[in-house]
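[1] model this:
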Amino acid sequence: MTAQHRNKVWIWIGSIFGILILIVAFGAMFLSARWKPILTEKIKSGVYNGSHHLYRIDFKSINLNVITGSLALRNVTLIPDTAVFDSLKKKQLAPAHTFELKLKKLQISRVGILTAYFKKRIDVNEILLQKPSINMIFNKVTRKPDSIKDEKSLYEQISKTFKSVHVKSIKIIDADFDYINKTAAKKTKNSIKHLDINIKDFLLDSLSGNDTTRFYYIKDASFQIAGYKSITKDKMYAMKVDTIKGSTASKKITVKGFKLTPLYDELTFARKYKIQKDRYNLSFDKIEFNGVDFIGLNTDQKLHAKSLRIGPANVEVFMSRESPPPGFDKGRNYPHMALKRLNIPTLIDTVKLRNINVKYAEFNPASKKIGSVDFKALTGNILNVTNDSLQLRKKSHALADLNSLLMGTGKLNVKIDFNLTDNNGAFTYSGNLGKFDLKNLNPLSKALGLIEIESGDVKHIDFSANGNLRSASGKMNMLYTNLKIKLLSDNIDGEGTKEKGFLSFLANAILVKNENPQKGEAPRTASMANTRINSASFFNLMWKTVFVGIKDIVGVGVVPEKNPVKQQKVIAKKIREQKRADRKAARKARREKN
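    Here you go, the predicted model:
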């Protein structure tokens, strides 16, 4: 065969292929143009009829590529019909959640068109929604007891048209998500920006509805929020979260890098309020829910998790006694009383606290100093944390077993038993402290108690008490040696905190017992009792009750403690007088300058 003849053959073959490509291209264009109105009608009627007329979908245009099996919808909106929802609600057939969706483009890739047409199976590689706006609306609805039996399953609704629907991946990227709760007395709205959702292996066929490894026909639905930042509504804190992740397959929700940072220093923050206000500085490396019941969370708005692990973390709380106490009773913020007020029924089998550093600081206007106490490396478990009525019938107590290092050195163990059903906030607690140098308490005692501890070695402390919203009482044992203290004057008049030398001598010589047990005597024990004032917290009641027992054992229990309410009024009066004097001096200075 000559070269010229071979060239003619290749030209002939190339021409045939070129013609075939043109035929396929024009055929695809023809089918695409022909199928566009059919697909448009099918999609709209499918959504409308498949949702029992609850939803309507609309879009500006549809692009179909028969060769690649891709489909794109532009300017898509999905809106529920409120009249239909109200009708379904009256019939007790309405879903708990409805959705509103807006997005620029919905992309469907590699649809098996021939498989769908000839074999009645829909196979899709990926559905992609980029930067959608999603509203998820929760309505409290009741369902007919037999509605689940009577209502056709999702597969039964499509089985006459298709044998199965399989989507390998559904991705929602960079969504603006609003969760709207219409069940509360006042409608609430929570917004999330930059939300990513990834749904893997959606399968709808005759068997998938009974597949226990799937969550609503899905092998896994995961989400992620990255780089969340905001300023709180009161403009007092900056909030930051590195990532929030969740997965139905792993049954986990993980929060990393959560920080709540005050925008002002301690006293500036406190002085922006007319009453005492706690200032929080929080930093949590990791918060993780395990064994989450996502189905119950979605359908019944119930949070049930096997465990909640918190830590490592740093928690700092500051409060100034300079301002008058708040008008409400802080007893409502007892941990188990606050748990009752949660809007969502909650059951966490075990809360695991791991390596949490806790610091409480307080400004005492009497000394004009900030005193603080530290609990380092707080670790332990809290069992049966719940406000769920069904669970409370089985177990009505939450049990905490916590270990920490008091001021970073003393090994402290505390056990707390919370009665979750008692209206008077009943609880019991007990604890023990190992060897401890009492001088480590000076950062607390000097500023808040106006006592400096010169020496004192604790061998062992143990205590137990019963408490409620109003008071606590119990017993105390404390073994120690070499106790010596200094009494300090207040600094209300701005003259500086001073040592009360003679009174300190008398206290050490007459009142304070420098050891327990004393030579030739049995160890002393003490009864302890304390009544909580409205402005005092749960933990304030606990430690002040223990402090009463310590005072009694060391010999100063006979010294009456100043009434905190009266003391607060005296301090407030002197602060007002000082402010008036400062304003008067400032006016005088301005006049002399002019």
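[2] ok, Gly456 touching Leu483?
    Yes: between Gly456 and Leu483 there is a contact under Cβ atoms under 8 Å: 4.1 Å. From N, CA and C alone the C-beta is placed, and that goes for glycine too.
[3] list the residues that contact both of these two?
    Counting by Cβ atoms under 8 Å, 6 or more residues apart in numbering, the contacts common to Gly456 and Leu483 are Leu438.
[4] what about the residue found closest to Glu362 once you drop the neighbours it is linked to in the chain, distance to Ala465?
    Using Cβ to Cβ, 6 or more residues apart in numbering and skipping residues adjacent in sequence, the residue nearest Glu362 is Met319, 5.3 Å away. Going from Met319 to Ala465 by Cβ to Cβ, to the nearest Å gives 23 Å.
[5] more crowded one of these two?
    Ala465 (24 against 19; other Cβ atoms under 10 Å).
[6] Tell me what the more buried one is bridged to.
    Beta bridges link Ala465 to Tyr429, Gly474, judged by DSSP bridges.
[7] Following element in sequence after the least confident helix or strand in the chain by mean pLDDT, please.
    One helix or strand of the chain scores below all others by mean pLDDT, DSSP states H and E: helix 501-506, with a mean of 44. Using DSSP states H and E, the next helix or strand after helix 501-506 towards the C-terminus is strand 525-531.
[8] Let me know whether my guess that Leu444 is in a strand holds.
    No: counting by DSSP: H, G, I helix; E, B strand; the rest coil, Leu444 falls outside a strand, being helix.
[9] Can you show me the strands along the stretch 1-150 of the chain?
    Secondary structure of the stretch 1-150 of the chain (DSSP state E, counting those that start in this stretch): strands at 55-58, 61-65, 70-80, 97-111, 121-130, 133-138.
[10] Tyr217 is nearest to which of those strands?
    Of all those, strand 121-130 sits nearest to Tyr217, with 13.2 Å by Cβ to Cβ.
[11] Quick check: which helices or strands does that closest one pack against?
    Counting by 3 or more Cβ pairs under 8 Å, 6 or more residues apart in numbering; DSSP states H and E, the packing neighbours recorded for strand 121-130 are strand 97-111, helix 113-119, strand 164-181.
[12] Lowest mean pLDDT across the ones you listed, which one is that?
    For these, mean pLDDT drops lowest on helix 113-119, to a mean of 58.
[13] hang on, the earlier thing: same list (the helices and strands packed on strand 121-130) but as CSV, adding distance to Lys306 and mean neighbour count.
    Output for these, formatted as CSV (distance: least, Cβ to Cβ, whole Å; neighbours: other Cβ atoms under 10 Å):
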stretch, distance to Lys306, mean neighbour count
strand 97-111, 24, 17
helix 113-119, 42, 13
strand 164-181, 24, 17
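[14] Just tell me which of these ends up closest to Val373.
    Using Cβ to Cβ, the nearest of those to Val373 is strand 164-181, at 38.7 Å.
[15] Which strands and helices lie in contact with the closest one?
    Applying 3+ Cβ pairs under 8 Å, 6+ apart, one finds that strand 164-181 contacts strand 121-130, strand 133-138, strand 188-204.
[16] Any chance of those in a markdown table with distance to Gln92 and mean pLDDT as columns?
    Formatted as a markdown table, the helices and strands packed on strand 164-181 follow (distance: least, Cβ to Cβ, whole Å; pLDDT from 0 to 100):
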| stretch | distance to Gln92 | mean pLDDT |
| --- | --- | --- |
| strand 121-130 | 32 | 79 |
| strand 133-138 | 17 | 83 |
| strand 188-204 | 25 | 79 |
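[17] returning to what we had before: now for the strands of the stretch 1-150 of the chain, which one comes closest to Gln301?
    Of all those, strand 133-138 sits nearest to Gln301, with 6.7 Å by Cβ to Cβ.
[18] Compute the inter-axis angle for that closest one and strand 97-111.
    Interaxial angle of strand 133-138 relative to strand 97-111 (axes from the mean of the first three to the mean of the last three Cα atoms, to 10 degrees): 140 degrees.
[19] Can you tell me how far Leu541 is from Ile461?
    In terms of Cβ to Cβ, Leu541 sits 18 Å off from Ile461.
[20] higher neighbour count, the two?
    Leu541 (26 against 22).
[21] hang on, isn't that one packed against Asn530?
    Yes: in this structure, Leu541 is within contact of Asn530 by Cβ under 8 Å, at 6.5 Å.
[22] Spit out the residues that contact those two alike.
    By Cβ under 8 Å, 6+ apart, the residues touching both Leu541 and Asn530 are 471-472.
[23] who's in contact with Asn387?
    With Cβ under 8 Å, 6+ apart, Asn387 has these contacts: 339-340, 342, 345-346, 420.
[24] want to throw the residues you listed into JSON lines with neighbour count?
    Output for the contacts of Asn387, formatted as JSON lines (neighbours: other Cβ atoms under 10 Å):
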{"residue": "Leu339", "neighbour count": "15"}
{"residue": "Lys340", "neighbour count": "14"}
{"residue": "Leu342", "neighbour count": "11"}
{"residue": "Pro345", "neighbour count": "17"}
{"residue": "Thr346", "neighbour count": "17"}
{"residue": "Leu420", "neighbour count": "21"}
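[25] Could you identify the most distant pair in the residues you listed?
    Pairwise over the contacts of Asn387, using Cβ to Cβ, the maximum falls at Pro345 and Leu420, 12.8 Å.
[26] Enumerate every residue touching Lys229.
    238-241.
[27] pLDDT weak spots in the stretch 301-450 of the chain?
    Where the stretch 301-450 of the chain drops to pLDDT under 70, the residues are 447-450.
[28] again, 80 this time
    301, 327, 365-368, 444-450 (pLDDT under 80).
[29] cool, and the stretch 451-594 of the chain?
    Those would be 451-453, 485-513, 551, 554-586, 588-594, if you go by pLDDT under 80 across the stretch 451-594 of the chain.
[30] can you give me the strands for it?
    Taking DSSP E, counting those that start in this stretch as the criterion, the stretch 451-594 of the chain carries its strands at 451-467, 471-487, 525-531.
[31] Serialize the ones you listed to a markdown table and add fields for distance to Ala270.
    Below are these laid out as a markdown table (distance: least, Cβ to Cβ, whole Å):
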| stretch | distance to Ala270 |
| --- | --- |
| strand 451-467 | 24 |
| strand 471-487 | 27 |
| strand 525-531 | 25 |
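[32] among the contacts of Asn387, which are in helices?
    339-340 (DSSP state H).
[33] Any chance of a markdown table for the contacts of Asn387, columns distance to Val554?
    Converted to a markdown table, these look like this (distance: Cβ to Cβ, whole Å):
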| residue | distance to Val554 |
| --- | --- |
| Leu339 | 37 |
| Lys340 | 39 |
| Leu342 | 42 |
| Pro345 | 47 |
| Thr346 | 43 |
| Leu420 | 36 |
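[34] quick one: which of the contacts of Asn387 is nearest Asp329?
    Using Cβ to Cβ, the contacts of Asn387 come closest to Asp329 at Lys340, 14.8 Å.
[35] who touches Val47 in this structure?
    Contact analysis of Val47 by Cβ under 8 Å, 6+ apart lists 55-57, 78.
[36] Out of these, which two sit at the greatest distance?
    Comparing all pairs in those by Cβ to Cβ, the longest separation belongs to Arg56 and Leu78, at 7.5 Å.
[37] which of those two has more neighbours?
    For the pair Arg56 and Leu78, the greater number of neighbours falls to Leu78 (19 against 15), based on other Cβ under 10 Å.
[38] Can you name the residues bridging to the closest residue to the more buried one other than its chain neighbours?
    Nearest non-adjacent residue to Leu78, counting by Cβ to Cβ, 6+ apart: Leu101, 4.0 Å away. Bridge pairing for Leu101 (DSSP bridges) gives the partners Leu78, Ile134.
[39] Same check on Leu203?
    Leu203 has these beta-bridge partners by DSSP bridges: His166.
[40] how far is stretch 44-60 from where the chain is centred?
    Relative to its chain's centre, stretch 44-60 lies at 36 Å (Cα atoms, centre = their mean, to the nearest Å).
[41] quick one on the thing from earlier: using TSV, please lay out the strands of the stretch 1-150 of the chain together with distance to Ser208.
    TSV is the format used below for the strands of the stretch 1-150 of the chain (distance: least, Cβ to Cβ, whole Å):
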stretch	distance to Ser208
strand 55-58	22
strand 61-65	27
strand 70-80	23
strand 97-111	19
strand 121-130	13
strand 133-138	24
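[42] Many thanks, we can stop here.
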